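> Fold the following, please.
(chains A and B)
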Amino acid sequence: MSVRPPRGRRGTAATIAALLGLLVCAAGAVEALYLATTDATWGFTSSSLSDFLGRTTLGSTAVLVTAIVLAVLGVLALLAGVLPPHRRLIELDGDDATVATGLTRRSLRRTLRAAAESVDGIGDAPVTVGRRRVVVKASTALRHTDGLTDRVDTAVRNRLDDLRPRRARRVKVRLDRKES
Amino acid sequence: MNAPVRVDERLPVEQRGTTTLADAVVEKIAATAATEVDGAQGLRRHLAGRAVGSPAVRADVDLDGSVAALRLQIAVEFPKPVRTVTRDVRAHVVARVRELCDVTVDHVDITVAALPRPEQESRRVQ
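A predicted model of the protein is given here:
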């Protein structure tokens, strides 16, 4: 098995978890200060919260909805922690199995875009890179466009073949005529 | 150590460097070529009803690589046949742009914006 580029670091999930933790700590600190500086036997939330809880039964809609939402969020958090994160780089097949080569999605998009725009008669050609396919939106000012789509397709395909991404992608070219 | 680096004529052509033409270059050549045709003229610019400056063909190009789409605004001298003149302009501009820039012209859209009489050029008819 050859070396593969590193996986991502679950930054978003980690940030959310940290913010939640911070929120709980902050609430605790505020509560502790409140208790330390007043005569109250329980925190500032006591009256409104306990009133509400006193009026609410376990089967009420609010409780059920809250429970379901929290359960879903919990499952998502668990999955975010357990599942391996995506690899951030698009893997390339190299000749050397001891070296992992990869390319960011943006880099691949740019190089494919440059390949498409190198075709005579093509103005802009923004590219979207998906998991399984590459879509090129080529625009041209020309009216005689016979074979132009094929030339763009070939240019993009050749660039892809040079790079050899591990997962093969289909190329789809859309040609827009710009009239000015 | 630092010997001068020169473009090696033995290199394949595509490795010797690229030549890029500015749009304005092709526009200028097309505009000039258009006035070389008998019966075709440039347009005067008008300011508050008065003609100002010297007549010029207005040209606009979409140049991508070595293929171009051209738009021209010209005046055709009255009473020259407009269709014939525009056809000649089209053919001549395509030939000149190819000859001078090595650029293939995909199409030339021509707007005839004035039909000046020889003695009173710059009169606008639309």
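> make it CA atoms for all contacts and neighbour counts henceforth
Will do.
> If you count neighbours, what's buried in stretch A:56-68?
Neighbour counts over stretch A:56-68 (16 or more other C-alpha atoms under 10 Å in any protein chain shown) mark no residue as buried.
> Restricting to C-alpha, output that stretch in CSV.
Extracted C-alpha coordinates of stretch A:56-68, given in CSV (Å, rounded to 0.1, in the frame of the first residue of the first chain):
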residue,chain,number,x,y,z
THR,A,56,-44.0,20.9,31.5
THR,A,57,-44.5,17.1,31.4
LEU,A,58,-42.2,14.6,29.9
GLY,A,59,-44.6,13.9,27.0
SER,A,60,-45.2,17.5,26.0
THR,A,61,-44.3,18.6,22.5
ALA,A,62,-41.6,21.1,23.5
VAL,A,63,-39.7,18.4,25.4
LEU,A,64,-40.0,15.9,22.6
VAL,A,65,-38.9,18.4,20.0
THR,A,66,-35.9,19.5,22.1
ALA,A,67,-35.0,15.9,22.8
ILE,A,68,-35.1,15.0,19.1
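> quick one: which helix or strand includes the residue sitting nearest the centre point of chain B?
Nearest to the geometric centre of chain B sits B:Ala30, at 1.3 Å (C-alpha atoms, centre = their mean). Assigned by DSSP states H and E, B:Ala30 belongs to helix B:23-35.
> That helix close to chain A?
No. Helix B:23-35 does not reach chain A (C-alpha under 8 Å from any C-alpha of the partner chain); its nearest approach is 12.8 Å.
> Determine how far that helix lies from the middle of the whole chain.
Distance of helix B:23-35 from the chain centroid (C-alpha atoms, centre = their mean, to the nearest Å) equals 3 Å.
> And for stretch B:96-106?
The answer for stretch B:96-106 is 10 Å, by C-alpha atoms, centre = their mean.
> Now the terminal residues of it, how far apart.
14 Å (C-alpha to C-alpha, to the nearest Å).
> who's in contact with that stretch?
Here stretch B:96-106 makes contact (C-alpha atoms under 8 Å, 6 or more residues apart in numbering or on different chains) with A:142-144, B:26, B:29-30, B:33, B:66-70, B:94.
> Can you give me the buried ones in it?
Within stretch B:96-106, the residues that count as buried by 16+ other C-alpha under 10 Å are B:96-98, B:103-106.
> want to throw these into JSON lines with secondary structure and pLDDT?
JSON lines is the format used below for the buried residues of stretch B:96-106 (DSSP: H, G, I helix; E, B strand; the rest coil; pLDDT from 0 to 100):
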{"residue": "B:Arg96", "secondary structure": "helix", "pLDDT": "97"}
{"residue": "B:Val97", "secondary structure": "helix", "pLDDT": "96"}
{"residue": "B:Arg98", "secondary structure": "helix", "pLDDT": "96"}
{"residue": "B:Val103", "secondary structure": "coil", "pLDDT": "95"}
{"residue": "B:Thr104", "secondary structure": "strand", "pLDDT": "95"}
{"residue": "B:Val105", "secondary structure": "strand", "pLDDT": "96"}
{"residue": "B:Asp106", "secondary structure": "strand", "pLDDT": "95"}
